[in-house]
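1. Sequence and predicted model, in that order:
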Amino acid sequence: SQQGEEDPQALSIQEGENATMNCSYKTSINNLQWYRQNSGRGLVHLILIRSNEREKHSGRLRVTLDTSKKSSSLLITASRAADTASYFCATDRGYNFNKFYFGSGTKLNVKP
Amino acid sequence: DSGVTQTPKHLITATGQRVTLRCSPRSGDLSVYWYQQSLDQGLQFLIQYYNGEERAKGNILERFSAQQFPDLHSELNLSSLELGDSALYFCASSVDPGSYEQYFGPGTRLTVT
């Protein structure tokens, strides 16, 4: 079964609003990553947060990690139409960091 | 542009056939990963190679095989193709097989008719 699951499955917001996506996972991890995928294209790495980190920022992105709840959230502030894409979290399993597991993704639609 | 190249971009073939997908990692990356993305299964990890050796296996069918060559490019071979194998196949690379971000290629869209 998938290690990570995103919530919500789909999100539609107006340009300028903030978008929050959540990811839950099942087993301990070494790190968690967020990726973006524009329709039918390759995934683009956004940010990596290690298991000993609680929060990380990159431009308009803010990621939090709560290992006690086995969950992470991705916040995109001041969203733009160009942010329209699917967003995936990817985790490794603590005992085998060679394997990466992707969730089913959140489809974000930012309306201009 | 991630620096990872995949060929071909599109592939249409018939059931029962065999195809080979090719991936060239970013310059300097030693680790290559293969993923399958279909509408009903999402993004599934298939297999990982590091410097020519298999490092991890995921949900890869026995009809599928892969290898990484001395020049670090990788090939994914899919045989006895079924309609359900129709999907996007992505290759990704990273510097290290550990906890490093992966860089994805543009994918190969396989359609089995």
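-> Here it is on my side, so go on. Numbering: from 1, shown residues only, chains lettered A, B, ... in the order given.
2. How about residue 67: what's its closest non-neighbour residue?
-> I went with chain A, as the question did not name one. Distances taken as C-beta to C-beta, 6 or more residues apart in numbering or on different chains place A:Ser51 nearest to A:Thr67, at 5.8 Å, with adjacent residues excluded. C-beta: built from backbone N, CA, C; applies to glycine.
3. that's the wrong chain, I wanted chain B
-> In space, not counting the residues next to it along the chain, B:Gln67 is nearest to B:Glu75; the distance is 6.0 Å by C-beta to C-beta, 6+ apart.
4. Enumerate the positions of the strand or helix carrying the one you found that are buried.
-> In this assignment (DSSP states H and E), B:Glu75 forms part of strand B:74-78. Using 16 or more other C-beta atoms under 10 Å in any protein chain shown as the test for burial, strand B:74-78 gives B:Ser74, B:Glu75, B:Leu76, B:Leu78.
5. what's next to it, contact-wise?
-> Contact with strand B:74-78 is made by B:18-23, B:25, B:32, B:34, B:46-47, B:49, B:63-69, B:85, B:89, B:91, B:110, as judged by C-beta atoms under 8 Å, 6 or more residues apart in numbering or on different chains.
6. ok, 10 Å please
-> With contacts defined as C-beta atoms under 10 Å, 6 or more residues apart in numbering or on different chains, strand B:74-78 is touched by B:6, B:11, B:13, B:17-25, B:31-36, B:46-49, B:52, B:60-61, B:63-69, B:85, B:87, B:89, B:91, B:93, B:108, B:110, B:112.
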